[in-house]
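Asks: What follows is a protein structure lacking sequence information:
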């Protein structure tokens, strides 16, 4: 669905000439703002910022006012850091809770710093609990308390309860606004309550049925209720099989359950089994995206990998990784130094060493990426880990043999030395085999030790492939009599 559909008249309503002309005008304006990939056009961003800088706030607000909250959030992210306060001042009350909820975390933190606690509290009160928590949870303790003190008691209690759960858990992710009914009522009773109770949330598509202890015993979709006679008991309509999410479950596991069972929503229960909230698929989509991105970035040691992350934080995250890589590189360097005499006798060895290590490193990275993904998706468990290792060993042998034939033949022809070609071919087989085994075994070992395999695996796999590549190639060269140690 296009982001602007909710701001235009529904297609099934009769259109007056005036309404039709407004729709056409809105469509033309939208075309001027977004490109074919639904991104804000550079010229639109530039025009809005120039209007704001020139003091033409009303003109800027008029142009921005046609945007969806997600596009307004994008506008802030596309602006420079020094331009964002000016843009926020121009927007005023158009900087709504919905805009903040769609915004990049780092950009949102910058803007929240410009607001007083009462303003942040007002914005948080307009959001679902999970979105409000996302705004408040990263604030400094004193600022966070000031915002909570400015909130209404009911909203404050909900936020404080959510903050009591671990970060990235179902308790932080869940929404507390839901519809729950006792199992003894009829469909007619449920319909009457939905119509008459003005305190109920307005956004839901599933009703939870609970027992007297408020434990979920089933769910009922709205479509079933609308198509069922009023006198039928809700317990006869509901679906008793359901996926329940413990309140302390990690959000990555929550996302996997939604994916595995194709869920639209799921009940969240506390340790006593009582219904305390629900998680919906729109929240899980963000989690899947975040978790997938995190694993990729951790493999490279790039920190959060966010272009809006402060330079100091990015530097701190990356330099630690590079220092660790420097330490492991010394292992490979010491092996090369041990064979220094052999390299001096045959310079071709120095030219070919990077090829052996580089191809082995790439082979290890391929296996590592597949293994880390399989672990993240719960595809790799105790029951099939040895089968996965054996599979990668067979793939490594096939890959090693193929690359060895190509590299060996090319080396023999280029240097007019068949023995050197045979040595590099054998080293390729050895190193690619080691790379395949290391690429699957190292992340599995780290996972068994309750360490994140996405964080440290790359360092150890790189060290293994470089060291074994140099050792295999130079060792085989000496062992075959191609050269000597000194």
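Replies: Structure's in. What do you need? As the structure is a computational prediction, the values presented were derived from the model and not from experiment. Numbering: from 1, shown residues only.
Asks: Could you use CA atoms for every contact and neighbour count after this?
Replies: Noted.
Asks: which of the residues in the helix or strand residue 432 falls within are buried?
Replies: Element membership of residue 432 [criterion: DSSP states H and E] is helix 418-448. Burial within helix 418-448, assessed by neighbour count using 16 or more other CA atoms under 10 Å, is assigned to 419-444, 446-447.
Asks: Over to stretch 204-212?
Replies: Residues of stretch 204-212 classed as buried by neighbour count (16+ other CA under 10 Å): 206-211.
Asks: first to last residue in it, what's the distance?
Replies: 22 Å (CA to CA, to the nearest Å).
Asks: Can I take it that residue 203 is in a strand?
Replies: No: according to DSSP: H, G, I helix; E, B strand; the rest coil, the state of residue 203 is coil, so it is not within a strand.
Asks: what's the burial count for it?
Replies: Applying the criterion other CA atoms under 10 Å, we find 9 residues in the vicinity of residue 203.
Asks: Show me which positions of whichever strand or helix holds residue 407 end up buried.
Replies: Taking DSSP H and E as the criterion, the element that holds residue 407 is helix 385-415. Neighbour counts using 16+ other CA under 10 Å place 385, 388-389, 392-393, 395-397, 399-401, 403-405, 407-409, 411-412 of helix 385-415 among the buried residues.
Asks: Who are the packing partners of that helix?
Replies: Helices and strands touching helix 385-415, as assessed by 3 or more CA pairs under 8 Å, 6 or more residues apart in numbering; DSSP states H and E, comprise helix 418-448.
Asks: Which secondary structure elements does the helix it packs on sit against?
Replies: Contacts of helix 418-448 with other secondary structure elements, assessed using 3+ CA pairs under 8 Å, 6+ apart, are made with helix 347-376, helix 385-415, helix 453-479.
Asks: what bits of the stretch 301-450 of the chain have low per-residue confidence?
Replies: Low-confidence segments of the stretch 301-450 of the chain, defined by pLDDT under 70: 301-307.
Asks: try it again with 90
Replies: Low-confidence segments of the stretch 301-450 of the chain, defined by pLDDT under 90, span residues 301-348, 351, 361, 364-366, 368-389, 443, 445-450.
Asks: cool, the stretch 1-150 of the chain as well?
Replies: For the stretch 1-150 of the chain, residues meeting the criterion pLDDT under 90 lie at 1-45, 51-70, 73, 77, 80-150.
Asks: Can you list the residue ranges for helices in it?
Replies: Chain-ordered helices for the stretch 1-150 of the chain, with DSSP state H, counting those that start in this stretch as the definition, fall at 17-33, 42-53, 57-64, 69-78, 84-91, 97-102, 105-112, 117-125, 129-136, 141-149.
Asks: Dump the ones you listed into TSV; add mean neighbour count and distance to residue 460 as well.
Replies: Listed next are these as TSV, based on neighbours: other CA atoms under 10 Å; distance: least, CA to CA, whole Å:
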stretch	mean neighbour count	distance to residue 460
helix 17-33	14	48
helix 42-53	16	43
helix 57-64	17	50
helix 69-78	20	36
helix 84-91	18	42
helix 97-102	21	38
helix 105-112	16	32
helix 117-125	20	44
helix 129-136	22	35
helix 141-149	16	38
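Asks: can you redo these as TSV with distance to residue 282?
Replies: Formatted as TSV, the entries for the helices of the stretch 1-150 of the chain read as follows, by distance: least, CA to CA, whole Å:
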stretch	distance to residue 282
helix 17-33	25
helix 42-53	28
helix 57-64	25
helix 69-78	14
helix 84-91	27
helix 97-102	12
helix 105-112	18
helix 117-125	19
helix 129-136	12
helix 141-149	26
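Asks: how much space between residue 408 and residue 225?
Replies: 71 Å.
Asks: ranges for the strands of the stretch 201-350 of the chain?
Replies: In the stretch 201-350 of the chain, strands defined by DSSP state E, counting those that start in this stretch lie at 206-210, 216-221, 244-246, 265-269, 275-280, listed in chain order.
Asks: Determine which of the helices and strands packed on helix 418-448 approaches residue 239 most closely.
Replies: With CA to CA as the measure, helix 347-376 is the member of the helices and strands packed on helix 418-448 nearest residue 239 (30.2 Å).
Asks: Tell me, domain by domain, which residues of this structure belong where.
Replies: Following automatic domain parsing, the chain resolves into domains at 5-169, 180-297, 311-479.
Asks: Switch the ones you listed over to a markdown table; also include distance to residue 485.
Replies: Formatted as a markdown table, the entries for those read as follows, by distance: least, CA to CA, whole Å:
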| stretch | distance to residue 485 |
| --- | --- |
| domain 5-169 | 55 |
| domain 180-297 | 42 |
| domain 311-479 | 5 |
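Asks: how far out from the middle of the chain is stretch 132-149?
Replies: Mean C-alpha position of stretch 132-149 versus that of the full chain (CA atoms, centre = their mean, to the nearest Å) differs by 23 Å.
Asks: which other residues reach that stretch?
Replies: Stretch 132-149 is contacted by residues 100-101, 108-109, 117-118, 120-121, 124-125, 156, 159, 162-163, 172 when judged by CA atoms under 8 Å, 6 or more residues apart in numbering.
Asks: can we see that at 7 Å?
Replies: For stretch 132-149, the external contacting residues (CA atoms under 7 Å, 6 or more residues apart in numbering) are 117-118, 120-121, 124, 156, 159.
Asks: Then stretch 390-406?
Replies: Defining contact as CA under 7 Å, 6+ apart, one finds that stretch 390-406 is touched by 425-426, 428-429, 432-433, 436-437.
Asks: so can I have a markdown table of those residues showing distance to residue 249?
Replies: Output for the contacts of stretch 390-406, formatted as a markdown table (distance: CA to CA, whole Å):
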| residue | distance to residue 249 |
| --- | --- |
| 425 | 49 |
| 426 | 48 |
| 428 | 44 |
| 429 | 44 |
| 432 | 39 |
| 433 | 38 |
| 436 | 33 |
| 437 | 32 |
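Asks: Next, give me the two most distant ones among these.
Replies: Taking CA to CA as the measure, those reach their widest spread between 425 and 437, a distance of 18.7 Å.
Asks: what residue is smack in the middle of the protein?
Replies: Among the residues of the chain, the one closest to the centroid is residue 290, at 1.1 Å (CA atoms, centre = their mean).
Asks: roughly how far apart are the closest residue to residue 210 other than its chain neighbours and residue 241?
Replies: Residue nearest to residue 210 in three dimensions, not counting chain neighbours: residue 216, with 4.3 Å by CA to CA, 6 or more residues apart in numbering. Separation of residue 216 from residue 241 (CA to CA) stands at 10 Å.
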